[in-house]
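[1] Fold the following for me, if possible:
(4 chains)
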Number of protein chains: 4
Amino acid sequence: MAEKNEFFQSETVQNFNKEIEKYYLGPLWNAIPDLMHKQPAPHAQAYLWKWETLYKKLMEAKDIFTPDRGGERRAIYLQNPGLTNRQPWGWASTTQTLYAAVQLILPGETAPSHRHTQSALRFIIEGQGAYSIVQGERIFMEEGDFLTTPQTLWHGHSHPGDKPMIWMDCLDIPTIYALGGTFFESYPEKIEQPSVPDNYSAMRYAGGMVRPISDRSSKIAPLGSFKWAQTLAALHGLSRFEPDPFDGYAVEYINPSNGLTANPTIAAWMQKLPNGFRSKAHRHTHSTIYQVFKGAGYTVINGEQFHWSKGDFFVVPNWAWHEHVVTSSEDAYLFSCSDLPIMEKFNLEREEAYEENQGHQQIVKEFVPLLP
Amino acid sequence: MAEKNEFFQSETVQNFNKEIEKYYLGPLWNAIPDLMHKQPAPHAQAYLWKWETLYKKLMEAKDIFTPDRGGERRAIYLQNPGLTNRQPWGWASTTQTLYAAVQLILPGETAPSHRHTQSALRFIIEGQGAYSIVQGERIFMEEGDFLTTPQTLWHGHSHPGDKPMIWMDCLDIPTIYALGGTFFESYPEKIEQPSVPDNYSAMRYAGGMVRPISDRSSKIAPLGSFKWAQTLAALHGLSRFEPDPFDGYAVEYINPSNGLTANPTIAAWMQKLPNGFRSKAHRHTHSTIYQVFKGAGYTVINGEQFHWSKGDFFVVPNWAWHEHVVTSSEDAYLFSCSDLPIMEKFNLEREEAYEENQGHQQIVKEFVPLLP
Amino acid sequence: MAEKNEFFQSETVQNFNKEIEKYYLGPLWNAIPDLMHKQPAPHAQAYLWKWETLYKKLMEAKDIFTPDRGGERRAIYLQNPGLTNRQPWGWASTTQTLYAAVQLILPGETAPSHRHTQSALRFIIEGQGAYSIVQGERIFMEEGDFLTTPQTLWHGHSHPGDKPMIWMDCLDIPTIYALGGTFFESYPEKIEQPSVPDNYSAMRYAGGMVRPISDRSSKIAPLGSFKWAQTLAALHGLSRFEPDPFDGYAVEYINPSNGLTANPTIAAWMQKLPNGFRSKAHRHTHSTIYQVFKGAGYTVINGEQFHWSKGDFFVVPNWAWHEHVVTSSEDAYLFSCSDLPIMEKFNLEREEAYEENQGHQQIVKEFVPLLP
Amino acid sequence: MAEKNEFFQSETVQNFNKEIEKYYLGPLWNAIPDLMHKQPAPHAQAYLWKWETLYKKLMEAKDIFTPDRGGERRAIYLQNPGLTNRQPWGWASTTQTLYAAVQLILPGETAPSHRHTQSALRFIIEGQGAYSIVQGERIFMEEGDFLTTPQTLWHGHSHPGDKPMIWMDCLDIPTIYALGGTFFESYPEKIEQPSVPDNYSAMRYAGGMVRPISDRSSKIAPLGSFKWAQTLAALHGLSRFEPDPFDGYAVEYINPSNGLTANPTIAAWMQKLPNGFRSKAHRHTHSTIYQVFKGAGYTVINGEQFHWSKGDFFVVPNWAWHEHVVTSSEDAYLFSCSDLPIMEKFNLEREEAYEENQGHQQIVKEFVPLLP
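    Presented below is the predicted three-dimensional model:
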């Protein structure tokens, strides 16, 4: 890619550029340096949101959002500072491709059923007793559970329990929006009624890598809920061996009908980084949103140090060098979502290990989080 | 399909037929009634082998086969009576497509490592302490475990324990043989040495439907061993709901990298038929080999009643009506292998429920097993 | 989807919204009406660029862009008026997902070789004698030819002929940019040298639907150039039958190694609309860029009439009703590119026929093009 | 694989083997040397049928088979001498997996419509004026045309012309039979009536690698007939470049909806071997049936020389070394069918070049064909 040549800055050229813009035309030679990077240069940036901020604002939102006022969900989403004013919808998403939010539901509340072409997932942070109802199945949620709602499935939430409940939502809203593929539909009634037994899918998949035979040719993902106890058992099993140098002990939630990610567009991982673990640095095309489920430590992203502890969210943008260090005495558990399946659909995924300095970046800057 | 017309039986035609056979030619009009059935008419027939026969003969084989005499394995295979003298290799397989056997390994014995284009699976019937070593991983076997060895993986067995150990083998030998695709190679040494930790793959998959991230693009099946405890947990989970009318509570062992069957050519299922369960009859293109892991009952196959109890093997041929009844006070557990993935590769799978008589066949005959 | 409730417009809420924005957080209940449309509501709009405008500006660009000044290509791209200031890169693309341009190369010029993760195609509008060199193959271009350069292939252009040459480029730049997956690399020398015979791939595919056997497991698309004479023969063949009510006689350029579109992300079609043809209206999720190769007529898009003649470009946005009418005495030939493969990757493609008024929209407005 | 050990030949072992056979059991250690070859050792052998033999017998069959006697088709099939008495159906197929035949239809005759789970193809050897009717499309046949009838499509033949017509049939009968997957159904009437225009599919694909847009998601192969003129044009195009060392100039008939072979189980190729061409030897897992469409020469198969000329058929079995030499002054055109797609479905395909003696085998034997 050529740098912008001096001539292209000349008045002659600038005038020509302006002239053709009147006709809704643009000069490629002017645009190409911005378009054709040697490697990904996303506007999204590394960032971290503290749990205390998120929690405080969610609690303040109790009275701002109530289900009877419409608005679908009491969710506060994370806006990437690098994307502000750079996206056509007038708000910023969490990464270029994904939207993440924290959602609060109070005892007695019901978030109405709807369906849409976006895929959604939920990771349960705090509380219990609420359920999602997905295609007629009530899925009761507990801390650490992972729920998946692939595109076009009816889903709503309700809370017959007695304590507030908080989870993380992640959807591919920015991607579907950018493509122009949004379809949305409200359920005719407020919330769908159960048509299969409660917790049906999780019970049907209570074992290991065996699948109920009736699901062998499922068109839609037959497993909507992954219980924390099972995920934990998997991580314990893995922990008997050597950790991955970049990601420690990590598992991916899969769709048992095709071996792909549970959501067709969003990869979801749970990783255990044992006490004292220090990963090596690498980078990859896909970008990632982390939620700290347990433990504390820091991540160095392109030389900047982000300290994290239980409840925090942070973003590693596309092609950013990153490495994790655990500083808590307990093991750390990081839940994460990424656009890896999207990169794979487009054959864009690449990965590179950081070779210098034994695989570790210099820390050149410390991130200072905004506190309420 | 036309019936063989009378004219085609005439001397003129018979003479013509004989004449052209000299030139290695054949008359289609003569062959077509045998080739083009309205529906599958396999030579393989329904059959049952009693455990006491199998066990007795295996024990007698202790001194017939010994590893130092070569011969690879002390395995006695099941020959379908309908296939005797009908297959080009001079022996009969268990179904048209699959080979099944019982294998005995004694303490101190080693069955040498080799690899081949056939895919294999093992289901552990009795004993413990022996291991298979597959691509450098020692997999220690316990009753009820399922092991898969897809084509071209190195594998051997050894028994450092102290009691005889018996398992079921199932391979796609007849299919690969019929296609002309057999490649076989002995390992340079007697048995491969471990290169990864023992029971590596089962430990890495100790949870539910989550997959270690390093296996997301595995070319070969990353999970070689499915522990009975997990399979049982899955069946317990399923048992909270309504059983399948034909197969009760049934799970399929899957390859977590693609959601397909653990072996690319052989489906393997474990099904729980609760005490008192009586299935409805159906038939399907694929043929099945059952092993009775626990319990007792009978299966009606095309009107013939086959009584079975723990340890027995039986075959349901292609397109045969079949239904199961449990008569033991304990639940029955049937392990089964089938060529369903082969039928699917060829787009041949069809299924039909038996509609008459509330879905139940008339029993017109009782099978009398051969006892030693 | 709930409309924005009055309460959400209240000062209390507005203050809360502002407050949380300080922390790079956003209220979903406020954003959801903009995000979750009942159906696609793209910012890109229907638009048309006249050939005389494009041609005049390209000719003026002769002295503005010269290869020795860098800038890669003398290409003027089409900026959708609806996307101005709505895309993060500071320019507007032609549709939300695709970039289209007209490119001029003069005798004696060379556009340097490079490669990138974007896929490209070229449709030859005017002239002859220039070639693209793609992965070492010189592809000489003639009017009506279609060239495909899937992602990561080296490609450059050179013009040993004697008259200016103009073609249409279409790339998936906006999509790859939005995903953060841009990788770009310049060829070490100015232009790649030939390593296979000229016009190699088109010659190797000179027949119908038969494929050279060496291409049966090609990883990259083995056919880079589709000659106009063959495309025309295909359209003549099709023309013996009934036209498609929406698209007349239309063919799609395919990748013979997988039956998918020639470019993995961009569908390219050539359609013949016979003299007097009037299509019915329909709409679909994917958006389309048309180039009028021959003939004249008009297209009604969401009730607005766009007159077109040879050389013009126009855009049909996502989910817009559209129908074509031919008014010229000669048959019309429309070349088009769309993001249909992208919609299919995301399972977003839907289609709907216009049912009212015998399938024809009311014309409520006439588009007035900008002329130079 | 161990050789059969001397002990295994002992009377003790022989007695044990016989004893267990009574129970329909077999000793693996005895069978394994026959089953587990180091490489494919098919019973099918290299063989050649002279056209004069085939033609004479077909003509004699005029009065033996007549449509009013039933029997479906006047086809004489090629029985591989190595397979006689080795296949369960009481006849021998052409290779282990495929059936080939020559079929004669006389003016005024009709071969009734039927459908089956076997896939079929036809290659037109001599004559014109007859048609196949496939799913309601009358496909008129000319010399050199290739027709494909994938499984489960209705098809019949009729001959309104005035001269006898001969073609080659190839089906996957042995494979579907071996798997137990045969379903066959006669059309309710003698022959299906046209429901689409004559020669519909070939006309719709009269151009190069462009596909009518309505076929983009065809479940069944949308192109049933490949005209010789187009195949020839493709071979001419290819002939401008270097020939493949093993196969000269060769093209494969493809299914334009997925880029796979036109039939899902049978690859069909046409290859041009120019005057004077001498290929190098290689071998591969798949086996092949050749029909000499034009020209003369010989093929060396595992050291045996098979001379061929126009009209002859010959077989190259699995994993047999083979090389072709053209001796006629005109170019040779060989049509061939193989089970390559089956090998690929089972991941069994391997290929090996003959390295010694500059890639050429020693001729150690000359095949003497049977003449009538």
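[2] Now for the residue nearest to A:Glu142 when sequence neighbours are not counted: which residues touch it?
    When the adjacent residues along the chain are set aside, A:Glu142 lies closest to A:Gln128, with 4.9 Å between them (C-beta to C-beta, 6 or more residues apart in numbering or on different chains). Every C-beta, even on glycine, is put in place using the N, C-alpha and C of the backbone. Residues counted as contacts of A:Gln128 (C-beta atoms under 8 Å, 6 or more residues apart in numbering or on different chains) are A:140-143, A:161, A:163, A:165.
[3] repeat that with 7 Å
    The contact partners of A:Gln128, by C-beta atoms under 7 Å, 6 or more residues apart in numbering or on different chains, come to A:141-143, A:161, A:165.
[4] and if you look at A:Phe16?
    By C-beta under 7 Å, 6+ apart, the contact list for A:Phe16 reads C:60, C:64.
[5] Can you check what pLDDT the model gives it?
    Among the per-residue scores, A:Phe16 holds a pLDDT of 94.
[6] Roughly how far does it sit from C:Asp68?
    Remark: distance between A:Phe16 and C:Asp68 (C-beta to C-beta, to the nearest Å) = 17 Å.
[7] thought A:Gln362 was touching A:Asn302?
    No - counting by C-beta atoms under 7 Å, A:Gln362 does not reach A:Asn302; the two are 10.6 Å apart.
[8] A:His363: what's it in contact with?
    Rather than His, residue A:363 is Ile. Neighbouring residues of A:Ile363 by C-beta under 7 Å, 6+ apart: A:300, A:303, A:305.
[9] Who's the closest spatial neighbour of the second one, skipping the chain neighbours?
    What sits nearest to A:Gly303 in space, not counting adjacent residues and going by C-beta to C-beta, 6+ apart, is A:Val364, at 4.2 Å.
[10] neighbours of the one you found, just the number please.
    Taking other C-beta atoms under 10 Å in any protein chain shown as the criterion, the count of residues near A:Val364 is 10.
[11] and if you look at A:Trp154?
    18.
[12] one step back: A:Gln362 and A:Asn302: who's more crowded?
    In this view A:Gln362 and A:Asn302 are compared by other C-beta under 10 Å, and A:Asn302 has more residues nearby, 17 against 9.
[13] what's the distance between that one and A:His322?
    For A:Asn302 relative to A:His322 (C-beta to C-beta), the value is 8 Å.
[14] now do A:Ile363
    A:Ile363 sits 12 Å away from A:His322, going by C-beta to C-beta.
[15] intersection of neighbour lists for the two?
    In contact with both A:Ile363 and A:His322: A:Val300, using C-beta under 7 Å, 6+ apart.
[16] Tell me, how many residues neighbour the residue nearest to A:Lys365 when sequence neighbours are not counted?
    Spatial nearest neighbour of A:Lys365, chain neighbours left out: A:Glu304 (4.4 Å); criterion: C-beta to C-beta, 6+ apart. A:Glu304: 19 surrounding residues under other C-beta under 10 Å.
[17] How about A:Glu355?
    Burial of A:Glu355 is recorded as 10 neighbouring residues (other C-beta under 10 Å).
[18] Which helix or which strand is home to it?
    Per DSSP states H and E: A:Glu355 is located in neither a helix nor a strand.
[19] any idea how far chain B is from it?
    Using C-beta to the nearest C-beta, to the nearest Å, A:Glu355 is found at 20 Å from chain B.
[20] do A:Gln305 as well
    Applying C-beta to the nearest C-beta, one obtains 25 Å for the distance of A:Gln305 from chain B.
[21] Could you do A:Arg211 as well?
    Taken as C-beta to the nearest C-beta, the span from A:Arg211 to chain B is 5 Å.
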